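# dropping the sequence and predicted coords here.
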Amino acid sequence: MSPGHRSSDAGRRAPPWWPQGEHWPPHGPPWRLAPRRFRRRFLGAALGVLVVLVGTGFVLGSIAGRGGGDHRPEPGRREVGPWGLFALAGFVAVVGGGATVLAYRRISGPVGALLAAAGELTDGRYDVRVEPGGPRELRSLVATFNDMAARLDRTEQQRRRFLADVTHELRTPLAVLQSGVEAQLDGIHPRDDRRLTSLLEETQLLGRLIDDLHTLALADAGRLTLHRERTLAAALVGDAVESHAALAERRGIVLTESIPAGLPELDVDPARVRQVLSNLLSNAVRHSGPGGRVHAGAAIEGDGVRVTVTDSGPGIPPDQLEHVFDRFTRSADSRGSGLGLSIARDLVHAHGGTIEVANGPTGGAVFSFTMPAAPGPAG
């Protein structure tokens, strides 16, 4: 940098009214950051205020000027003449104009950045963020905008992962079906009932996956319809245990239940609650080895009923407990879609209940969920 340039910068000190922390001289007019419509409205309002102030000064000066004649000021009292009122109005106009300029400088940059970021967000750039600045209310608005953009960004990333996972899950049974049919058509495999049964199982797996995806889509859209009715909690748990008794027996697992007397009726969709119980019981049976135990119980809790399913399996690794209900999360030996627990969570939440998972004190996983009791006595 040349000495002449340094002396030029040194001679251009910031005035005392310049905002602290901002570069002087300014690199460029900050009002360019704001959109044209905003600049016009703001400057128009400021000009209107100045016109009102100056006009008020002229009116007061004219009134004071016409008040002459026989009027005599009281002894020891000095009156302000018309020129004094004009000077006062000019001073107020200058101060008001300076305050307007400072206020405009303070908010024009953040407002312009916020509007530009909103345009980028509309174009699908969910990673856009705005640096907070300006008055407290404007900083609060910017913080809210950044939170909204971050949430949209996370939602977009989850959507992309979900589509990738769905594509992968659909590709596997379709590939098995295609290869099996082609092998039989080409004469590589005979067309017998055993191989047709295997292909039928793949179509059933594909159908369950499609049903699961449909349920998740309805839950995400808030369109999951619940056909609520008064239902006995004991009957729901008992029916679910009975329907899984044969599976537990084939695997050499003892399946028990404990249902105390006096459980209230539930205000639920019984088909959806059976779906939740079926998912939890089938998972518990699958993860409990031969000779293991699975237990289903129910108890009154607050204004509803808590249902608990425990197993004697290896439990869930502590670092995976918070991801158990994530979509497409499954164990290495599972042939399921990894959507069952996610659907169970969404169904429980749709009823206004809660669902939790933990490892038991002596091993195994413990799943529990709550359901609301039916209001008032039975009709």
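That came through fine. None of the values given here were measured: they were computed from a predicted structure.

# next SSE after the host helix or strand of Glu156?
Glu156 is located in helix 136-185, with elements delineated by DSSP states H and E. Next along the chain after helix 136-185, taking DSSP H and E as the criterion, comes helix 193-220.

# which pLDDT value belongs to Ile300?
Note for Ile300: predicted pLDDT of 92.

# again with Val294
On the pLDDT scale, Val294 gets 94.

# swap in Ala358?
93.

# element containing the closest residue to it other than its chain neighbours?
The shortest distance from Ala358 to any non-neighbouring residue, by C-beta to C-beta, 6 or more residues apart in numbering, is to Val366 (5.1 Å). (Each C-beta comes from the backbone N, C-alpha and C, glycine too.) Here Val366, judged by DSSP H and E, is contained in strand 365-372.

# so what does that strand touch, helix or strand wise?
Here strand 365-372 touches strand 265-268, helix 270-287, strand 304-311, helix 340-350, strand 355-359, going by 3 or more C-beta pairs under 8 Å, 6 or more residues apart in numbering; DSSP states H and E.

# right, and those - which one's nearest Arg171?
Smallest distance to Arg171 across these (C-beta to C-beta): 19.7 Å, for helix 340-350.

# need phi/psi at Leu263.
phi -70, psi 140 (degrees, to the nearest 10).

# what's near enough to touch it?
Taking C-beta atoms under 8 Å, 6 or more residues apart in numbering, we find Leu263 in contact with Leu232, Ala233, Ala234, Ala298, Ala299, Ile300, Val305.

# distance of the nearest residue to it once chain neighbours are set aside from Ala373?
Of all residues not flanking Leu263 in the chain, Ala233 sits nearest, at 4.4 Å (C-beta to C-beta, 6+ apart). Per C-beta to C-beta, to the nearest Å, Ala233 is found 8 Å from Ala373.

# ditto for Tyr126
Taking C-beta to C-beta, one finds Tyr126 at 42 Å from Ala373.

# Pro290 against Val254, yeah?
No - Pro290 lies out of contact with Val254 (C-beta atoms under 8 Å); the separation is 10.5 Å.

# quick check: phi and psi at Gly313.
Torsion angles, degrees, to the nearest 10, at Gly313: phi -80, psi -170.

# what's the closest non-adjacent residue to it?
Per C-beta to C-beta, 6+ apart, closest to Gly313 is His287, 3.6 Å.

# please apply the same query to Glu131.
Per C-beta to C-beta, 6+ apart, closest to Glu131 is Ala113, 6.9 Å.

# what of Ala240?
Leu277 (3.8 Å).

# likewise for Asp326?
The shortest distance from Asp326 to any non-neighbouring residue, by C-beta to C-beta, 6+ apart, is to Ser342 (6.8 Å).

# how many residues are close by the closest residue to Glu301 other than its chain neighbours?
Excluding the flanking residues, the one nearest Glu301 by C-beta to C-beta, 6+ apart is Thr370, at 6.1 Å. Neighbours of Thr370 under the rule other C-beta atoms under 10 Å: 19.

# do Asp192 as well
9.

# so what pLDDT did it get?
Looking at Asp192, the pLDDT reads 82.

# quick one, domains of the chain?
Per automatic domain parsing, the domain ranges recorded for the chain read 18-66+80-151, 229-372.

# these: lowest mean pLDDT?
Lowest mean pLDDT within the domains of the chain: domain 18-66+80-151, at a mean of 68.

# what helix or strand does Tyr126 sit in?
Going by DSSP H and E, Tyr126 is not in any helix or strand.

# so what's the residue nearest to Leu263 up against?
Ile259, Leu263, Pro264, Glu265, Leu266, Ala298, Val305, Val307, Met371.

# can you do 6 Å?
Leu263, Leu266, Ala298, Val305 (C-beta atoms under 6 Å, 6 or more residues apart in numbering).

# for it, give its distance to Gly340.
22 Å.

# cool, and Phe367?
Separation of Phe367 from Gly340 (C-beta to C-beta): 11 Å.

# when the two are compared, which one has more neighbours?
Comparing Phe367 with Gly340 by other C-beta under 10 Å, the one with more neighbours is Phe367, at 25 against 21.
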